Structures are given as C-alpha cells and as structure tokens.
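Asks: Quick one, structure for this:
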Amino acid sequence: MEKTNTITDWNIKESLFKKLFWGLSLLVFIGMPLLSSDFGITGDELVHKQNGENVLKYLQTGGADTTYRTYKNLYLYGALFDASAAMVYENMPNTDPYTVRHFMNALFGASLMIFTGLLARQLSRSWLVALLSLLLTLLSPRIFGDSMNNPKDIPFAMAYVMSILGIIRFNSFLPKWDWESAIFLGLSMSLALNIRVGGLLLMAYFGLYTIVNLYLKRNEFKNAGINSLSIIGKSIILGIISFFLGLIFFPYSHAAPITNTLSALKVMSNFDVAIRMLFEGRELWSDEIPWYYIPKWLSMAIPISVIVGFILFFVRIKNILKSRDWLPVVFVIFVGVFPVIYAVYKHSSLYDGIRHFMFIMPMINVLAALGWASLFYAFFNGKLRWVTPVILGVLLILPLRFMIANHPNEYVYFNELYGGIKNAYGEYETDYWMNSMRELSLWLIKNDERIKKGEKIVVCTNSIDPVKHYFERYAPNVQIIYATYKNRYRQKADYYLSIPRFIDSDLLKNGAWPPKKLVQSVKVDGIMIGALSEYPDTLTYAGLKAVKDQNLKLATKYFTEALANDDKNEVAILELINAYINQDSLEKANYWVSKGLDLTPNNEDILLAKGLLLMRQNKVREAYDYIDRCKKLNKRNAIAFFYSAIIMDNQKNYSAALEDLQRVIEQAPNFKQAYLLGAQIMQNSGNPDAAAKYMEYANQLK
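Replies: Reported below is the predicted structural model:
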C-alpha cells in the first residue's frame, strides 16, 4: 500500500497481527473438525465414498482390482480425498465412515482458510492483510458450511489456493532456485491433480507466470550471470514430476498417463450432465443456464464484507499496486476471473449454486482484504482512523450472526443485499445437499415410541442416501423407501422426510410444500429447508390405486375427498383432471384445470392436461399454445413434444412434426408410440420408405 508513515505505524503492530493470525488459525484448525460431526451426509457423498473404496482396492491390489473403472463416471476424478478417508475409516471399524470423512473434510476446509491468509500475506507482506483475509474467509458461510461435508470442491479449492501461493512464492526467489518453495509448489499442484483433472490448469498457470516473471526479471538474471534457460529447464522438470505425482490417486491415467488424462480433461471440460434446478424462480436444466449464472450466484452468496472490500480493491487499485510488485496481484485477479470467463465461453453445465466455483472465492477474499487494508492505511493518522475497522466489524457481524443462528446449515446463505433466504425461497435452491435430513432423522429416531420399541415403521423420503444411512445405523427396524415429491402419494408409509428440491417454484411459494400434518422442521432464518410430515393422506394413495385398477369413478371420489382436506394437493388435482377427461366430463375437468393453474401456473403436467382437454374439444390452436408452453418450460418434456408433433402432423406441417418427434425420440428412445407416429408422419408426407423404417423400429419394441 502507500509508502507513507502510516505503513510504518501499522508495521509496528505486525507482530501482534502475526500472533492473532496464527492464534485464529490454530482455533480454526482445531475447532472446525470438532464441529464437523454436526453436519449431515450430502446427496453426493455415498457415490464418492464408494469410489474412494474402489480406488483404495485398486491401489492395495497393485492395480488388479479395477472395479473403480465401471463405477459411474467417477473414474474421471482424482480420488485423493475419498481413498485417503477410506484408508482411515477402514482401520476404525466401529466409527461411522461419514464422521471420519467430515472430520477430514473440515481439516481441508480449515487449511483452505489458512492458506488463503498466507496467500494474502505473500502479496502484501502484511500480517494485517493475512488476518483480514482469514477472517473474511472464515466468516463466509458458504465456504464454512461446505468445508464440513463437500468432498470435491473444498479439497480442490485448498489445493488451488496452495498452488497459487506456491507459484508466486517460488517465483519471488528467482533468479535464485529455492528448493523449499519448489517442493511446496510441486506438492500443491500434484494434490490438485489428485483431486480433479482441472489441476492441469495450475501447471499451465505455473508455466505462464514463470515465463512472464523471467521476462520482467531478465536484467536481474543478466546481472547475476544466470541463464534463464536453466530455470526454465528445472521448472519443466518440476512440472513433469508434479504431473506424475498427481496421478497416484487417479488410476484411470495409470495405463496411459498423457492420453487418458487429456481425455478426462476433455470430458470434464464439457461435462454432459442435465440436472433441473431453480434459478430466478424458473426450473432450468443445468445445460441451459444464462451466461450470468456464476456472477449472479457470487453476488448473492458472498458476504457484504467481501463485496465491499472487493469494490474497494478496484477503487484503490493504483495505490495498492504502486507500492509492491504488481505481477502477483494481477495474477491473483487473473486466476480468479479466468475460470469464470472460460465457463461462460464454453457454456458449461452448472448446478447447485456456486459450489463448482468455490475455488475462486478465496481469490476474491484476498483482493477484498487488500481493499480493506488499503482503506485502513489511508485513514490511519486521521480523525476517522477507527471508522473503517468499525464498519468492517459491523459487516462481519452479519454473516457471524447467520452462522451462529443457523448452525449447521451455514451453506444455505444468501447475503443481506439480496434479502437473505426469505427472498431466495422459491427462487433458488436452498438445501440441495440434504443437510437438514440428519437433524430430522435423528429427531424422529429419538422421539417416535414405535422406533424406540423396535417396531417396524416405514419412512418415505426424497433424500434417500443420507436418510437410509441414518436409519440403517441408528434404527435398522425402520424401512426407508424413496419417492420424489411429485410421486409421494404412490407410496404408503408412516412419515415423509423431504427437502424443497425438484419442486415447482409456485408450489413452494404457495405453501404446497411441506405436506400437511407437519411433525418437525428445520428452518434457516425462519424459512423451512427440511420437513418431517406424518405420511400424506391415504385418500390420494387410494385414488391412484383406483386409477391403476381403471375404476375412474371411485378414483374421482377419493381425489375429491383428498382435496376437501388439502386444497393444495396438486397431485390430486392433476389426477382428478385426467380422470374427468377420460370419463368425458370435460366441464368438470376444465374446472379443476383452472384450480390447478391458480395454485401452480407453470406446472407442466397441468398445462399439458389443459392442452389435451382442448384437443378433446377440437380447439387445436388453443391446445397448441398450452403444449408449446410446456415445451418452452422444459425442453426435455417428451410427452409435450409428442403431442406437439401430432398437432403439426394434423396441420400438415411435416417438417415441424418431425423436428418435435426427433426431440421425443432423443428423450425416450424406447417409446413405441413415437415411432408409430413417425411412420404416420412419413406416410402422410409421401415418404413410404421412411414410414416403413419407423414401423420396423416400432415392431422391435414392446
């Protein structure tokens, strides 16, 4: 920062800031693992736990056991964390594996925070900035929460920060080759690659930064009589060694280190996954998110203290850069911004908030710390010297309050600028990790007399993996079954445990979730993120059974009674609509369509039912409007595209019909009616050969 007496004044306190930094670091390193046992199992953890065990078997058998290769797509990931955790808990047979995993996860999270502070110290040569950076990161609720049970993003973020620190530190010694910093850098990059193939990017960063630094220091090399080519040669060797060390827990690359690693990178760079989620109140697929998805989430997920500091950094960037080597600071900006720009350019498939970009948040925190410190220095000798610390202190209290009040659900955080979780509910995902299921499951085990007596009861849930583990471990007499919220009435059980995931925004906002007869809930700042209900009414279950038995009159009776008890039961409304349509009671069907759309205006199933109702009434143009809305709401709604194809065929718009039909077949390749419709379209369009091929495909299906 500015080279004035204020720097000297602050430097007098450097020893104090250093002690505070390491004291807080020790508390974080001890405290976070102790708190980790409060956190739940996430929806992803089961598969990563299994992958870790598979990779460990591969390593223990010298490569003979290759089970890892056939387990989902996880062979594309490094398994350093998962295999290391498996190595620990397999030697602790009486310990819950997830307790071990969360303990270790918290150690990685604490290390991430400490290394973030050390990175700030490396840039600024100030323990004050290091302390500020540590505080800003510790009091970032999403980083803190994810540090306890996110086995992918937090370990990688730690290795990413270590590597950036290592690159800058190693280069600061040049033209001298410093072995200690070289070893630290090499191990950091290998750690990253052992966790995610994206660690290769850090090796590219290393090369880029070193070349630029060598160019800037060319006169120093010349004066020292050192040939920069020797440094480049040693750096290449360091990178190669790091690369191969980075493959130890990445067995897919063992057979072909270069080819398979690059193949994994290519696949992961264009990760083909489609998960539906709430974003801005709309249900979007992860491969159709807008370009501003990451910036929008960052603006909501980062505390105000960080946002203000980040803005201050760029306001005072000239003052900050003129008193120090500008290259490391610009490099931190680059490694924080480039991944976002690249993801936007590649239109990467993203979901679950900001967690995929957790690794750039420490960079933002470091820059924010520099911004705050610059303001500290600027006003140190004036009458307003305490204004900046007080303002920062007040802003830090905001996330601290949230974390204390809502432990252990810190990761479900939206900052006060956005309006907190109250504004986010129904607009964005909240408990996508299923963290609340631990508290609710343990509450039920403790409070249900039948469970305590060892009687058999049935719990249905839309969060199967975590819930199943809790009950298998603590109450094995309880049977756990799975049902999405949409299909909750198709099962018969005693309780329904649920999170507001994969539920229409309108249903959430209108109070249709959770089901009635709420027993217990988990709330964050007054907003429910997890619910335990006595099982939803048996009338809807009976109605669905009657539909299956083709007794539509009995079904309408049950559904009507169910709606008398709960007028927000969207399942009963939809089934009642379909039952009336199938009985040609179109007026009654239309009445319940109106009721359904009042409750949930963008419900695809009800919109589609309205379209089918209008088709029955020969109002084809109006019917198409509703079906087209379904298509726009969900590009993977095969049934909507199927009926759209029928309408286009009837209107002799054969090219549009075939286009819709192709979408149907892409989503439902074994849907026989689609091929029969294709034969009809081709026959109508005067292409009997193509029609015969569609019929041939149809005849091969049951």
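
Asks: thinking Gly145 is in contact with His407, fair?
Replies: No - assessed by Cβ atoms under 8 Å, Gly145 is found out of contact with His407, at 9.0 Å. All C-beta spots, glycine's among them, are computed from the backbone N, C-alpha and C.

Asks: Neighbour count for those two, which is higher?
Replies: A count of neighbours by other Cβ atoms under 10 Å puts Gly145 above the other of Gly145 and His407, at 24 against 14.

Asks: per-residue pLDDT, that one?
Replies: Here the pLDDT value assigned to Gly145 is 98.

Asks: List the contacts of the closest residue in space to it that isn't next to it in sequence.
Replies: Distance criterion Cβ to Cβ, 6 or more residues apart in numbering; nearest residue to Gly145, sequence neighbours excluded, is Tyr411 at 2.8 Å. Listed by Cβ atoms under 8 Å, 6 or more residues apart in numbering, the contact partners of Tyr411 are Pro141, Arg142, Phe144, Gly145, Asp146, Trp433, Asn435.

Asks: number of nearby residues for the third one?
Replies: Using other Cβ under 10 Å, Phe144 has 25 neighbouring residues.

Asks: ok, it to Lys553 distance?
Replies: Going from Phe144 to Lys553 by Cβ to Cβ, to the nearest Å gives 57 Å.

Asks: Work out for me the element Val47 sits within.
Replies: helix 45-60 (DSSP states H and E).

Asks: Ok, Lys523 next?
Replies: strand 518-524.

Asks: helix or strand right after that strand?
Replies: Heading C-terminal from strand 518-524, the first helix or strand you meet, by DSSP H and E, is strand 527-534.

Asks: which residues sit against stretch 513-528?
Replies: Applying Cβ under 8 Å, 6+ apart, the external contacts of stretch 513-528 come out as 402, 405-406, 409, 412, 420-422, 425, 430-431, 436, 439-440, 443-444, 485, 488, 495-496, 498, 500, 503, 507, 529-537, 565-566.

Asks: first vs last residue of it, how far apart are they?
Replies: One end of stretch 513-528 sits 9 Å from the other (Cα to Cα, to the nearest Å).

Asks: in stretch 547-567, what counts as buried?
Replies: Neighbour-count burial for stretch 547-567 flags Val547, Leu552, Leu554, Ala555, Thr556, Lys557, Tyr558, Phe559, Thr560, Ala562, Leu563, Asp566 (criterion: 16 or more other Cβ atoms under 10 Å).

Asks: wait, the first one sits on Thr556?
Replies: No - with contact defined as Cβ under 8 Å, Val547 does not reach Thr556; the gap is 9.5 Å.

Asks: okay, and the common contacts of those two?
Replies: With Cβ under 8 Å, 6+ apart, Val547 and Thr556 have common neighbours Ala579.

Asks: Straight-line length of stretch 560-571, end to end?
Replies: Termini of stretch 560-571 sit 11 Å apart (Cα to Cα).

Asks: Oh, that last question was meant for stretch 469-489, not what I typed.
Replies: Distance across stretch 469-489, first residue to last, is 23 Å (Cα to Cα).

Asks: Outside of that stretch itself, list whatever touches it.
Replies: Under Cβ under 8 Å, 6+ apart, the answer for stretch 469-489 is 41, 46, 96, 98, 437-438, 441-442, 445, 451, 454-462, 464, 467-468, 490-491, 493, 496, 498, 502-503, 513, 515, 536-537, 540-541, 544, 571-572.

Asks: and if you look at stretch 673-684?
Replies: 638, 642, 645-646, 649, 652, 654, 657-658, 661, 664-665, 668, 688, 690-692, 694-695, 697-698, 701.

Asks: for stretch 102-111, same thing?
Replies: Contacts with stretch 102-111, where a contact means Cβ under 8 Å, 6+ apart, come from 25, 28-29, 32-33, 35-37, 39, 81, 84-85, 88, 143-144, 146-151, 154-155, 158.

Asks: Stretch 162-177 too?
Replies: 115, 118-119, 122-123, 178, 181-182, 184-186, 188-189, 191-192, 199, 202, 205-206, 209-210, 213-214, 217, 220-221, 224, 226, 228, 231, 234, 325, 328, 331-332, 335, 363.

Asks: Would you show me how to pick out the buried ones of these in PyMOL?
Replies: What follows is the PyMOL syntax selecting those of the contacts of stretch 162-177 that are buried according to 16+ other Cβ under 10 Å:
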select buried, resi 115+118+119+122+123+181+182+184+185+186+188+189+191+192+199+202+205+206+209+210+213+214+217+221+226+228+231+328+331+332+335+363
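
Asks: quick one on the thing from earlier: mind putting the contacts of Tyr411 in TSV, distance to Ser172 included?
Replies: Below are these laid out as TSV (distance: Cβ to Cβ, whole Å):
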residue	distance to Ser172
Pro141	33
Arg142	31
Phe144	30
Gly145	34
Asp146	31
Trp433	39
Asn435	41
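
Asks: isn't there a strand covering Ile480?
Replies: Yes - per DSSP: H, G, I helix; E, B strand; the rest coil, Ile480 lies within a strand segment.

Asks: just to revisit the earlier point, relative to Asn603, which of the buried residues of stretch 547-567 is nearest.
Replies: Leu563 (15.3 Å; Cβ to Cβ).

Asks: OK, contacts around the closest one?
Replies: Applying Cβ under 8 Å, 6+ apart, we find Leu563 in contact with Asn569, Ala572, Ile573, Leu576.

Asks: Tell me which of those residues fall in helices.
Replies: With helices defined by DSSP state H, the entries of these inside them are Ala572, Ile573, Leu576.

Asks: just checking, the last one touches Glu561?
Replies: No - the criterion here is Cβ under 8 Å, and Leu576 misses it with Glu561 at 10.6 Å.
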